[in-house]
Structures are given as structure tokens and as C-alpha cells.
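Novice: predicted coordinates and the sequence they were generated for:
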Amino acid sequence: MGNVLSFVADAVPPKATFSANQIPNLTGKVVIVTGANTGIGKETAKVLLAHGAKVYIAARNQAASQEAIRQLKQETGNEAVFLKLDLGDLKAIKASAEEFLSKETQLHVLLNNAGIMGPPIELVTTDGYDLQFGTNVLGHYYFTKLLLPILTSTAKATPDRKVRIVNVASCAHLFGGLDFNTFKDGPARKKCSKATLYNQSKFGNVVLALGLAKRYGDQGIISTALNPGIINSDLLRHTGTQFPSIVKKILFKAVLYDVSQGALTQLYAATSPEAGSLNGKYLVPWARVKQPRQETQDPQLGKALWDWLEEQVKDV
């Protein structure tokens, strides 16, 4: 019952006290936003560009990303950089990280924003993992792991000796857990609903964010997880398929917040001076610290997930 009440509270948050106008000048800062060719990620990239950051849009679809870059330049006057990233393919993730490292010597913010929700159950990653867990958790873990050296070296060179890793989770984590037998394709996974697998992946995001905070906080990493809110974005493209499109559009408009609202909490985590002291914390709409589901804080579970993730990528 407590998780349901927490979900309802986060779904109807109080008025925001943080706005994009409070973001400091980001000139000289290098930022990667995964999945920034659409939705909340695109809105986040727009605000970061408008404040002077150099923004890499890390996404799979090059055509959509280039169109997003064109639109963002029109809106902000600044041009983002495309970085090809397929979070459902471990070898492609490695190539993406190598491409970025060949271009930059600093990385101030890694915003793990991309995600997939409710795809057809038969879809899996290139490497045979559940598509939601493989993309949302394993993919972001591996990308982050490969960028940790540049993140920690950047932290040493910054005045406050800190850099940020922002991990976009969801209120769905409140209804999740971790069943290691379902991370890869197999009979156990096929018995799960799409919602169960999504909730699990978002639970995993919170656990992973805390693991990063514990392991790398002393090297200048500020790792947070967050719920961006219930937002009308492209993440919902696989949901509501039982409704006629006009009904779906009306329903979504009535109950969902705009992407400009959805970007607020991650922009706060990524840029605000106050968020520099929030290592290991979980944020909810709009830019507020709150306790996540208690089970995500279990150190034994955190270690088990970390060890599993390490095992998956050791031979890539």
C-alpha cells in the first residue's frame, strides 16, 4: 500500500521551485545525453545547449538525431553533436564510447536518459538479453563503465572536483524487483508481463545508480537516480495500443505532463550546484529528494547486480 501511495504522490507533485532559468552558465562543459533525439532527452539537450554546454546526442537513429540537431540549432543557436549509440548491442556500445573518447578529453555530465518501455515480449537485444533490462540497465551500465576513466579525470580538473552521472529511473521501480533468471531470454522471462519487465529495469536503474555512488563517490562522481514524472513522451509508443489513436491522444493529454516539465528533475540533477551534494540520492518531480523503494538500498542485492553486470561485459 505504501508503494501505491508513493506512486500517487509522485504522479501529482507540488509546483516546481526549480526552473531552467536557474541553471548556471555551462560554457566549456561537455555533456552526453542518451536518447536525446526525442522526448525528455531532446528537451534536456535543448536547455543544456541554450546554457552553453557542448551536448552529444547519443542515440541509435541517425536520421532522427540529425533532424533533432537541426531543430535544436534553430531553437537555441547552438549545434549538438551526434554520437551513434545502440544500447541493445554491447559491441556497438563499446564502439560508441571509443568514438567519443577519440573526440573529447573531458566529460562533465553523463545523462543516462534513454529507455524503452513495454515493447513486444519477443524482442530481445542483439546479445539475447531482455530488451528492457538489456537496454535500460545493462546497456547504460556498460556505456558508463567505459566512460568512467574520462569522468574521473575530468572531476580532478574541475574547481569543485565533481562530475555528474544522472540515471533516469521511474516511479515504476516502486513495483519492481530483480529476478536474475529473467535478465536473459528464456522460459522465466517469457512468463513475465511487459510491465513486470519494465518495472524490474527501472528498479535496476536505482540499484545501479547507488552502486556507482558508493564505488566512485570518492573519485568525484555524483551519481543520482530519478523519476522524471508521468510525461507525454515517445517512451509511451508501445503502450495504449488497445485504444483508437484519437482516444489515446485525449487520454494522454489529460493525465500526462509536458516534456518541458519532465526535463526539470534531470536538469536539476545534472547542473544545479545544490545537486553536487546529492551523491547516491533519488529525486522525484520536480527536483525533490525522496526515499526510493527500500529494497533498492540493499547492499547485498546491489553487489549481486554489480557482479552480474561485470560478468556480462568482461569479454566484449
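Specialist: Here it is on my side, so go on.
Novice: so where do the strands sit in this protein?
Specialist: Under the criterion DSSP state E, strands of the chain are mapped to 30-34, 54-59, 81-84, 109-112, 163-168, 221-226, 282-284, 288-289.
Novice: tabulate those (CSV), appending mean pLDDT.
Specialist: Below are the strands of the chain laid out as CSV (pLDDT from 0 to 100):
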stretch, mean pLDDT
strand 30-34, 98
strand 54-59, 98
strand 81-84, 98
strand 109-112, 98
strand 163-168, 98
strand 221-226, 98
strand 282-284, 98
strand 288-289, 97
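Novice: would you mind putting those strands into a markdown table with distance to residue 135 and mean neighbour count alongside?
Specialist: (C-beta placed from N, C-alpha, C; glycine too.) Formatted as a markdown table, the entries for those read as follows, by distance: least, C-beta to C-beta, whole Å; neighbours: other C-beta atoms under 10 Å:
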| stretch | distance to residue 135 | mean neighbour count |
| --- | --- | --- |
| strand 30-34 | 10 | 27 |
| strand 54-59 | 12 | 27 |
| strand 81-84 | 15 | 17 |
| strand 109-112 | 11 | 28 |
| strand 163-168 | 12 | 28 |
| strand 221-226 | 16 | 26 |
| strand 282-284 | 21 | 23 |
| strand 288-289 | 27 | 16 |
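Novice: can you list those strands in JSON lines and add distance to residue 187?
Specialist: Below are those laid out as JSON lines (distance: least, C-beta to C-beta, whole Å):
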{"stretch": "strand 30-34", "distance to residue 187": "31"}
{"stretch": "strand 54-59", "distance to residue 187": "33"}
{"stretch": "strand 81-84", "distance to residue 187": "34"}
{"stretch": "strand 109-112", "distance to residue 187": "30"}
{"stretch": "strand 163-168", "distance to residue 187": "30"}
{"stretch": "strand 221-226", "distance to residue 187": "31"}
{"stretch": "strand 282-284", "distance to residue 187": "33"}
{"stretch": "strand 288-289", "distance to residue 187": "40"}
